[in-house]
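[1] any chance you can model this:
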Amino acid sequence: DLLALCDHVTDLQCSKLQDHTNVLQHKVNQWCQVQVLYMPSVAPIRTAQSTDTSIEEKAYQIRLFLPSQLKEHTPDAICDK
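    The predicted structure follows:
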């Protein structure tokens, strides 16, 4: 991952990559908060998926639970009307 890549790049490149990772993490966290406002049925699904909090997920691995992905969990979880 980031540590393996940092062996072959400059410190500046490694720093920029870390900055981009932090920005992505922040945007995903904000998406999760806004999503619960418009799709409250996502909250219990997200809670059930994140049972182990000792392992921090990478920003690019976090499931966004888009409406097309929610069909597998519950048919009425798409959006509130």
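[2] what about the helices in this protein?
    2-6, 11-38, 42-49, 67-70 (DSSP state H).
[3] OK, contacts around His26?
    By Cβ atoms under 8 Å, 6 or more residues apart in numbering, the contact list for His26 is empty. In short, each C-beta sits where N, CA and C put it, glycine included.
[4] what's the spacing between it and Tyr38?
    Separation of His26 from Tyr38 (Cβ to Cβ, to the nearest Å): 19 Å.
[5] with adjacent residues omitted, what lies nearest to the residue most central in space within the chain?
    Closest to where the C-alpha atoms of the chain average out (Cα atoms, centre = their mean) is Ile62, at 3.2 Å. Take Ile62 and drop its neighbours on the chain: the residue closest to it by Cβ to Cβ, 6 or more residues apart in numbering is Val28, 5.3 Å away.
[6] list the contacts of that neighbour.
    Contacts of Val28 by Cβ under 8 Å, 6+ apart are 59, 62, 64.
[7] which residues of the chain score low on pLDDT?
    1-7, 51-54, 73-81 (pLDDT under 70).
[8] buried residues in stretch 59-74?
    Under the neighbour-count criterion of 16 or more other Cβ atoms under 10 Å, stretch 59-74 has 59, 62, 65, 70 buried.
[9] for Gln35, see how far away the last one is.
    Going back to what we said before, that points to Leu70. 11 Å.
[10] spit out the residues that contact the two alike.
    Going by Cβ under 8 Å, 6+ apart, residues that sit against Leu70 and also against Gln35 are Val42.
[11] related to what we said a few turns ago, any chance of the helices of the chain in JSON lines, with distance to Ile55 too?
    Output for those, formatted as JSON lines (distance: least, Cβ to Cβ, whole Å):
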{"stretch": "helix 2-6", "distance to Ile55": "16"}
{"stretch": "helix 11-38", "distance to Ile55": "15"}
{"stretch": "helix 42-49", "distance to Ile55": "12"}
{"stretch": "helix 67-70", "distance to Ile55": "21"}
